[in-house]
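Trainee: let's see this in three dimensions:
(one chain, ligands or ions: 1)
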Amino acid sequence: MSSSVRAVFFSPTRTTKTITETVANALSAPLEAARATVDLTLPGQRPADVVCEADDVLVFGFPVYAGRVPVLLREQFAHLSGQDTPAVVVGLYGNRDFDDALLEAADQLAERGFTVIAAGAFIGEHSLTARVGTNRPDDADIATAREFGRELGARLAAGEALAAPAIKGNRPCKELKPGPDVRPLTTDDCTSCGICVARCPLGIIHEDDPFLVDAGCLHCCACVKGCPENAKHFSSESTDMVITMLETKCQERREAELFW
Ligand SMILES: Cc1cc2nc3c(=O)[nH]c(=O)nc-3n(C[C@H](O)[C@H](O)[C@H](O)COP(=O)(O)O)c2cc1C
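Mentor: Purely as a prediction, here's the structure:
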């Protein structure tokens with residue numbers, strides 16, 4: 001029996017949270033294991049270290065950014081450690097592609113002492129445009145995630161030796177060039193309610209003046225989607241180009257891909 005199934009995730013607009021917790025909950029049932037959650041999204045909530053024991057199971061969830069693990073999260077791998085702890089990788093992507101992200105996360109977890117037993121690429125509404133992957137994950141995605149977790153839990157409970165999955169992706173991962181310094185813009189509809197300040201994973205929106213945003217923005221859209229007045233948005237040559245590409249080329253519904 002596992003002592004604990006631990007969902008550890010980064011999820012600015014919460015689609016990753018939904019799927020990661022669904023997988024972890026379903027996985028814990030056949031194991032009759034306790035459930036624990038570590039949400040790495042907000043700076044004030046990130047624990048110094050997440051130490052997993054051999055009889056834990058880690059479900060690690062992240063959004064795919066530019067076909068990779070988000071830069072901010074890559075730094076977090078150093079704070080994770082396992083002892084041959086079984087791990088499941090869960091990547092959420094916005095109906096374009098997940099490219100090398102799942103494999104990258106699996107390799108990083110292996111380096112930190114985890115034995116990756118499975119990986120799943122799921123679809124979430126694209127953070128940059130609600131016209132792509134609209135309202136996903138939906139009921140069908142949740143059912144797939146639940147079945148994925150339940151089956152993994154059943155295999156672990158039966159003591160099956162789980163072979164290393166052949167996860168799609170390239171080694172080395174596709175190279176990322178640093179993008180332009182684009183920050184969210186704020187309209188006069190802003191009431192300075194502070195929601196965007198509280199939701200920013202980098203803590204770069206000024207509390208005393210939410211129009212001011214420091215450098216380093218991930219474009220995660222937690223501020224855009226969380227604003228009750230729709231006062232935050234992105235508008236730049238680069239983001240407009242990406243949004244047009246997504247809305248014209250990424251409309252066809254993609255389905256979850258599971259590797260196990
Ligand atoms: C900066 C950035 C880059 C992204 N890159 C990709 C990508 O390469 N492929 C894709 O399909 N979706 C991409 N997305 C969409 C997210 O992966 C997707 O919206 C995800 O569901 C967000 O997870 P969250 O709700 O947990 O924040 C990107 C989103 C952002 C903000």
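
Trainee: tally of neighbours for the residue of the stretch 101-250 of the chain found nearest the ligand?
Mentor: Relative to the ligand, the nearest point of the stretch 101-250 of the chain is Gly124 (2.5 Å; Cβ to the nearest ligand atom). Using the backbone N, CA and C atoms, a C-beta is placed for each residue, glycine as well. Counted with other Cβ atoms under 10 Å, residues neighbouring Gly124 total 25.

Trainee: same deal with Met241?
Mentor: 10.

Trainee: how much space separates it from Glu160?
Mentor: 47 Å (Cβ to Cβ, to the nearest Å).

Trainee: Phe62 against Leu92, yeah?
Mentor: Yes. With contact defined as Cβ atoms under 8 Å, Phe62 reaches Leu92; the gap is 7.3 Å.

Trainee: name the residue in the two with the higher neighbour count.
Mentor: Leu92 (32 against 28).

Trainee: I figured the more buried one hits Gly120, correct?
Mentor: No. Applying Cβ under 8 Å, one finds Leu92 not in contact with Gly120, separated by 9.5 Å.

Trainee: which residues are in contact with both of these two?
Mentor: Common neighbours of Leu92 and Gly120, using Cβ atoms under 8 Å, 6 or more residues apart in numbering, are Ile19.

Trainee: can you pull the phi and psi angles for Val145?
Mentor: Val isn't right for residue 145; it's Ala. Backbone torsions for Ala145, taken as degrees, to the nearest 10, come to phi -60, psi -40.

Trainee: residues near it, how many?
Mentor: Number of residues near Ala145 (other Cβ under 10 Å) recorded here: 25.

Trainee: for the one 4 residues further on, same thing?
Mentor: Gly149: 29 surrounding residues under other Cβ under 10 Å.

Trainee: that one and Ile167: what is the separation?
Mentor: For Gly149, the distance to Ile167 - Cβ to Cβ - is 17 Å.

Trainee: overlap of the contact sets of Phe62 and Leu92?
Mentor: Any residue near both Phe62 and Leu92 by Cβ under 8 Å, 6+ apart counts here, and that gives Ser11, Thr16.

Trainee: outside of stretch 73-81 itself, list whatever touches it.
Mentor: By Cβ under 8 Å, 6+ apart, stretch 73-81 touches 8, 10, 40, 46-52, 58, 60, 62, 108-109, 111-114.

Trainee: how far off centre is it?
Mentor: 14 Å (Cα atoms, centre = their mean, to the nearest Å).

Trainee: same check, this time on stretch 80-87
Mentor: The chain centre lies 19 Å from the centre of stretch 80-87; the measure is Cα atoms, centre = their mean.

Trainee: and if you look at stretch 213-224?
Mentor: Relative to its chain's centre, stretch 213-224 lies at 16 Å (Cα atoms, centre = their mean).

Trainee: could you check that stretch against the ligand for contacts?
Mentor: Yes. Stretch 213-224 reaches the ligand (Cβ under 6 Å from any ligand atom) through His219, Cys220, Cys221.

Trainee: alright, calling it a day.
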